[in-house]
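> Need a 3D model of the following:
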Amino acid sequence: MIVIKQVEFELRKLGLTFNQDLLKSFESWFKDITQENEQSVEKSVNVEAEATLSPTAPFIAKLMVKLLAQIKGSDKQKTTIRQTLEKDLSRLKSDTNLLLSDAYAKLRQKFPQCKGLLIIFDNLDRVPPVVAEHLFFDYAAQMQELNCTIIYTVPISILCSPKNPLNQFDGNPHIVPMINIYEFERHKCDLDYNQTG
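Residues are numbered from 1 along each chain as shown. The predicted structure follows:
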């Protein structure tokens, strides 16, 4: 859900939109599975409170904002939404990948030098160990089924685990070390970039 929300927002900033047929199919499925409609979403989404929205944002962007806010809001709602979406997880993945492929095609059409979509999930190294284990061991397959390049920040405890999460991932995942971006000098306010990093 976060991926589609963010990709839609970035496309909109570039003056691009998803294919309307794909978007309608995705929205219709979400309306059925969540029992939401334009009116119920409009009532609960405060446009001023969400930077990725504008009055012209499509329904799916507003619905994602509402569902993500509900997930953050309470454990009961989080469980209910997860159970609802897991009833048809394969459809969610399929539609998400169709939209990602469409986004890539639109980007390549407007920016021929574009190499693809890169999504970075930062701060996952800060989640509690129990959450990290659940995410990187139980959901390894789902995490690599999106049609884009993804970087996950993984807690060191997971990488050093005897369960060896890299066995859960197909292909050859690349482990990137901590990269020094800035040249740290205590007396300077604006730091210089480390060109190698």
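> now could you export just the CA positions of the helix or strand containing residue 104 as PDB?
Here residue 104, judged by DSSP states H and E, is contained in helix 89-110. The C-alpha coordinates for helix 89-110 follow below in PDB (Å, rounded to 0.1, in the frame of the first residue of the first chain):
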ATOM      1  CA  LEU A  89      -3.300 -11.000  -1.100                       C
ATOM      2  CA  SER A  90      -2.500 -12.400  -4.600                       C
ATOM      3  CA  ARG A  91      -4.800  -9.900  -6.200                       C
ATOM      4  CA  LEU A  92      -3.200  -7.100  -4.200                       C
ATOM      5  CA  LYS A  93       0.300  -8.100  -5.400                       C
ATOM      6  CA  SER A  94      -0.900  -8.700  -9.000                       C
ATOM      7  CA  ASP A  95      -2.600  -5.300  -9.200                       C
ATOM      8  CA  THR A  96       0.300  -3.500  -7.500                       C
ATOM      9  CA  ASN A  97       2.700  -5.000 -10.000                       C
ATOM     10  CA  LEU A  98       0.500  -4.000 -13.000                       C
ATOM     11  CA  LEU A  99       0.500  -0.400 -11.700                       C
ATOM     12  CA  LEU A 100       4.300  -0.500 -11.100                       C
ATOM     13  CA  SER A 101       4.900  -1.800 -14.700                       C
ATOM     14  CA  ASP A 102       2.600   1.000 -16.000                       C
ATOM     15  CA  ALA A 103       4.400   3.600 -13.900                       C
ATOM     16  CA  TYR A 104       7.800   2.400 -15.300                       C
ATOM     17  CA  ALA A 105       6.400   2.500 -18.900                       C
ATOM     18  CA  LYS A 106       5.100   6.100 -18.400                       C
ATOM     19  CA  LEU A 107       8.500   7.200 -16.900                       C
ATOM     20  CA  ARG A 108      10.400   5.600 -19.800                       C
ATOM     21  CA  GLN A 109       8.100   7.300 -22.200                       C
ATOM     22  CA  LYS A 110       8.700  10.800 -20.700                       C
END
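> Tell me how far that helix lies from the chain's centre.
Helix 89-110 sits 13 Å away from the centroid of its parent chain (C-alpha atoms, centre = their mean, to the nearest Å).
> repeat for stretch 20-39
Stretch 20-39 sits 19 Å away from the centroid of its parent chain (C-alpha atoms, centre = their mean).
> Just the residues contacting that stretch, thanks.
Under the criterion C-beta atoms under 8 Å, 6 or more residues apart in numbering, residues 4, 17, 58-60, 63, 66-67, 81, 84-85, 87-88, 91-92, 95-96, 98-99, 102 lie in contact with stretch 20-39. For the C-beta atoms, the positions are set from N, CA and C on the backbone; glycine is no exception.
> Just the buried residues from those residues, in PyMOL please.
Command for PyMOL that selects the buried part of these, burial taken from 16 or more other C-beta atoms under 10 Å:
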select buried, resi 4+58+59+60+63+66+67+81+85+92+95+96+98+99+102
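> Look at the residue nearest to residue 61 when sequence neighbours are not counted and give its secondary structure.
In space, residue 61 comes closest to residue 8 once its chain neighbours are excluded; the distance is 5.3 Å by C-beta to C-beta, 6 or more residues apart in numbering. Secondary structure for residue 8, judged by DSSP: H, G, I helix; E, B strand; the rest coil, is helix.
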